[in-house]
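Participant: got a predicted model here, sequence first, then my questions.
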Amino acid sequence: MKLRPFGSVPGPRLLALGVTAVLGACSGKPVGGLPATAASAPLPHPSSVSHASSAAAASSADDAANAARKTAFVPPAESTIPEGPYGDMVRLGRAIFTHTRENAGAYVGNGLNCSNCHLDAGRLADSAPLWAAWGMYPAYRKKNKHVNSYGERLQGCFMYSMNGKAPPLDSKELIALETYSYWMAKGAPAGTKLPGAGYPDLPKPAQAPDFARGKTVFESHCALCHGADGQGQKVAGAYVFPPLWGPDSFNWGAGMHSVDTAAGFIKANMPFSRGGSLSDQDAWDVAMYMDGHERPQDPRFTGNVAATRKAFHDNPNSPYGTEVNGHLLGSQPMKK
Amino acid sequence: MRTAAPFARLAGMFASALLLGWSPLGAAVDASTLANLGDAHGVAPCASCHGADGAGQAAAGFPRLAGLNGAYLRKQLDDFASGARENAVMKPIATALDADERKAISDYYAKLPIPAVLAKPATENSKDDSPGALLATRGRWSQQVPGCEQCHGPGGVGVGEHFPPLAGQSDVYIRNQLKAWKQGTRHNDPLDLMKHLSAALSDNDIDEVSAWFAAQPLSARGATP
């Protein structure tokens, strides 16, 4: 089967996708009490002065991509995490978030940390920040067809993005992650999608995302860190740069396996520290390249790739169960 | 002083080089001779600045070379020669070496053991929440600056051929590099990664983060595989 043409994306894609459900996209809608997007009402921001001083180096694409960042909710400074048992739980949550295997190893089945996809320890706008996710639950999710608590949402990350097991809802690990999120969202309005939530929605590309073009982008802009084979780079046994596919990466059930989600993340955040520098087309193409490689099986696998696609990935943005670069994705999933 | 290699040893090596038929006009000089004696085209011995053991000289801003990745070292020599990394001292030296010599001397330094003297930094490590520590470990994302460790590895031990170690370099050297990127005299970094983040750092940031890395013990957190 060929990947179906783009342009016929169903509306509620956010809910249909995995990792990024609420974290999905930035509508840029001004929210009461918060600054509007930069385009409609530029506001001074603590960082904007020094940012401007480096403007010579920054392209206008950088600025466009960072519009949400400049006006987004600013989570509390880490120096304000209090002493005592509550603060200890916040700190444990942060430690799990940034060093996931070290601190929640029983539930992790790959080489990733939460902070690989949620940059700056979950604080960065347009990188699915925790402060924007916290206030959006409980929420109905199409992915599992019921109302999910925030804890259940986190369980999903462990099962799919971390290719592991769901920590019990009353486990120390989940409570620590909830405490960390709650602390970070202090002062953010709940129940409304904040600017900078999820990953930005990229406009549809002029040309359908293409594996071969994506390979060229990968080689020139990604291989430096992620390696020519996309398997990341380690120091003393631990990944410094995460693997993008293969046995140690996220599985076929993770939201990042969707080309639109990956393209939005990549455009806003990659190359690392140079977010906004790729063209939209390059971001789509390289997302297709990344998601056009085998990775661990979707844990909901029914025993048949086509049936699994139909049940869980019936979406033009999912390459699962389609043929890419001469290979039926999902037919030879990676095992540890 | 570690830069003053014992004269007798140098003289002995010089003599054996002559015995082995090394001539002033001969082509490639072997790496250890080049490192310790220089060559006949006027290239000063690397050891006179970078130390006999390749540990560098902290106060002078001469970097450690011992144990750095060979491909990284070769790239730097190429960049000095091409001017992508402007430096009045290293340019004539790099230019005088041909491609084979650059490769040989890079491999030589890559294989040198990490000097024991670097395992224990001269300066005290600052607190985990000092400005330098925060830049090194967490960065400043409001300006798209990641934690330095996220590219240079935990404690700055270095990652592969593209991300050199910062641990084991002196604060003077690290500071000089960040300023060189800021001023545009070093413009050899892939994807402009260092140029971008250096532009966001104030002089004070640079002092703080350089001091933090200079205080990292080299062996404590593991080495690049």
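Facilitator: Happy to help now that I have it.
Participant: okay, CA-based contacts and neighbour counts for the rest of this
Facilitator: Will do.
Participant: now find how far off-centre stretch A:222-232 is within its chain.
Facilitator: In terms of Cα atoms, centre = their mean, to the nearest Å, the centre of stretch A:222-232 is set 18 Å apart from its chain centre.
Participant: what average pLDDT does that stretch get?
Facilitator: For stretch A:222-232, the mean pLDDT works out to 98.
Participant: briefly note if it comes near chain B.
Facilitator: Yes: Stretch A:222-232 lies within reach of chain B by Cα under 8 Å from any Cα of the partner chain, at A:Leu224, A:Cys225.
Participant: buried set for that stretch?
Facilitator: Of the residues in stretch A:222-232, A:Cys222, A:Ala223, A:Leu224, A:Cys225, A:His226, A:Gly227, A:Gly230, A:Gln231, A:Gly232 count as buried by neighbour count, 16 or more other Cα atoms under 10 Å in any protein chain shown.
Participant: how about the contacts made by the most centrally placed residue in chain B?
Facilitator: By Cα atoms, centre = their mean, chain B has its centre lying nearest to B:Pro63, at 4.0 Å. Going by Cα atoms under 8 Å, 6 or more residues apart in numbering or on different chains, B:Pro63 touches B:His50, B:Ala55, B:Gly56, B:Gln57, B:Gln169, B:Ser170, B:Tyr173.
Participant: which helix or strand contains residue 213?
Facilitator: Defaulting to chain A. Per DSSP states H and E, A:Arg213 falls inside helix A:211-221.
Participant: sorry, should have said chain B
Facilitator: According to DSSP H and E, B:Phe213 maps onto helix B:203-214.
Participant: which parts of that helix are buried?
Facilitator: B:Asp205, B:Ile206, B:Asp207, B:Glu208, B:Val209, B:Ser210, B:Ala211, B:Trp212, B:Phe213, B:Ala214.
Participant: circling back: phi first, then psi, for the residue nearest to the centre of chain B.
Facilitator: The phi and psi values for B:Pro63, taken as degrees, to the nearest 10, are phi -70, psi 160.
Participant: likewise for A:Gly84?
Facilitator: Torsion angles, degrees, to the nearest 10, at A:Gly84: phi 100, psi 180.
Participant: distance check, it against chain B.
Facilitator: 18 Å (Cα to the nearest Cα, to the nearest Å).
Participant: what does the pLDDT read for that residue?
Facilitator: A:Gly84 carries a pLDDT value of 98.
Participant: ok, now how distant is it from A:Ile175?
Facilitator: 16 Å (Cα to Cα, to the nearest Å).
Participant: ok, now B:Cys46?
Facilitator: Counting by Cα to Cα - B:Cys46 and A:Ile175 are separated by 57 Å.
Participant: the two - which one has more neighbours?
Facilitator: Per other Cα atoms under 10 Å in any protein chain shown, whichever of B:Cys46 and A:Ile175 has more neighbours is B:Cys46, with 22 against 19.
Participant: sec struct for the closest residue in space to that one that isn't next to it in sequence, please.
Facilitator: For B:Cys46, ignoring the flanking residues on the chain, the nearest one in space by Cα to Cα, 6 or more residues apart in numbering or on different chains is B:Ala35 at 4.7 Å. Three-state call for B:Ala35 (DSSP: H, G, I helix; E, B strand; the rest coil): helix.
Participant: show me where the stretch 101-250 of chain A has its strands.
Facilitator: Secondary structure of the stretch 101-250 of chain A (DSSP state E, counting those that start in this stretch): strands at A:139-141, A:146-148, A:233-235, A:238-241.
Participant: turn those into a markdown table, columns for distance to chain B and mean neighbour count.
Facilitator: Converted to a markdown table, the strands of the stretch 101-250 of chain A look like this (distance: least, Cα to the nearest Cα, whole Å; neighbours: other Cα atoms under 10 Å in any protein chain shown):
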| stretch | distance to chain B | mean neighbour count |
| --- | --- | --- |
| strand A:139-141 | 30 | 16 |
| strand A:146-148 | 31 | 13 |
| strand A:233-235 | 5 | 19 |
| strand A:238-241 | 6 | 21 |
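Participant: who touches A:Tyr137 in this structure?
Facilitator: Taking Cα under 8 Å, 6+ apart as the test, what A:Tyr137 contacts is A:Asn148, A:Ser149, A:Tyr150, A:Gly191.
Participant: distance-wise, check it relative to chain B.
Facilitator: 26 Å.
Participant: swap in A:Met334?
Facilitator: Computed as Cα to the nearest Cα, the A:Met334 to chain B distance reads 25 Å.
Participant: ok so, going back, check whether the helix holding B:Phe213 contacts chain A.
Facilitator: No: residues of helix B:203-214 are not located near chain A by Cα under 8 Å from any Cα, the shortest gap being 12.6 Å.
Participant: helices and strands around that helix, which ones?
Facilitator: In terms of contacts (3 or more Cα pairs under 8 Å, 6 or more residues apart in numbering or on different chains; DSSP states H and E), helix B:203-214 is packed against helix B:131-137, helix B:171-183.
Participant: quick one: mean pLDDT for the longest one?
Facilitator: Regarding helix B:171-183, the rounded mean pLDDT is 98.
Participant: before we move on, what about stretch A:186-202?
Facilitator: 96.
Participant: burial check on B:Asp189, number of neighbours?
Facilitator: Neighbours of B:Asp189 using other Cα under 10 Å come to 16.
Participant: and it, how far is that from A:Ser171?
Facilitator: Distance from B:Asp189 to A:Ser171, counting by Cα to Cα: 45 Å.
Participant: got it, and A:Asp285?
Facilitator: 40 Å.
Participant: between these two, which is the more surrounded one?
Facilitator: With neighbours defined as other Cα under 10 Å, A:Asp285 and A:Ser171 compare such that A:Asp285 has more, 27 against 10.
Participant: got a list of what A:Gly164 touches?
Facilitator: A:Tyr107, A:Val108, A:Gly109, A:Asn110, A:Phe158.
Participant: ok, so of those, who is nearest B:Leu73?
Facilitator: Among those, A:Asn110 lies closest to B:Leu73 (Cα to Cα), at 33.0 Å.
Participant: for chain A, what are the nearby residues on chain B?
Facilitator: Neighbours of chain A within chain B, by Cα under 8 Å from any Cα: B:138, B:141-146, B:150-151, B:153-154, B:159-160, B:162, B:191, B:193, B:195-197, B:199-200, B:222-225.
Participant: just the buried residues of these.
Facilitator: So, by 16+ other Cα under 10 Å, the buried ones in these are B:138, B:141-146, B:150-151, B:153-154, B:159-160, B:162, B:193, B:195-197, B:199-200, B:223-224.
Participant: low-confidence ranges in chain B?
Facilitator: B:1-28, B:219-225 (pLDDT under 70).
Participant: domains in it, by residue range?
Facilitator: B:5-112, B:118-214 (automatic domain parsing).
Participant: what's the most buried one of those domains?
Facilitator: domain B:118-214 (a mean of 20; mean count of other Cα atoms under 10 Å in any protein chain shown).
Participant: measure that domain end to end?
Facilitator: Termini of domain B:118-214 sit 10 Å apart (Cα to Cα).
Participant: again, but for stretch B:124-131
Facilitator: End residues of stretch B:124-131 are separated by 15 Å (Cα to Cα).
Participant: near chain B, which residues of the stretch 151-300 of chain A? Just list them.
Facilitator: For the stretch 151-300 of chain A, the residues found near chain B under the criterion Cα under 8 Å from any Cα are A:221, A:224-225, A:233-236, A:240-241, A:272-275.
Participant: from A:Arg141, how far out is A:Tyr199?
Facilitator: The spacing between A:Tyr199 and A:Arg141, counted by Cα to Cα, is 18 Å.
Participant: can you list contacts of the helix holding B:Phe213?
Facilitator: B:121, B:123, B:125-126, B:131-133, B:135-136, B:155-156, B:166-172, B:174-175, B:178.
Participant: can you do 6 Å?
Facilitator: Helix B:203-214 is contacted from outside by B:Gly132, B:Ala167, B:Gln169, B:Ser170, B:Asp171, B:Ile174, B:Arg175, using Cα atoms under 6 Å, 6 or more residues apart in numbering or on different chains.
Participant: and stretch A:119-136, by the same measure?
Facilitator: A:23, A:69, A:98, A:115, A:118, A:181, A:184-185, A:190-191, A:194, A:196-200.
Participant: selection in ChimeraX covering whichever of the residues you listed are buried, please.
Facilitator: In ChimeraX syntax, the buried subset of the contacts of stretch A:119-136 is picked out as below (16+ other Cα under 10 Å):
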select /A:23,69,98,115,118,181,184,185,190,194,196,197,198,199,200
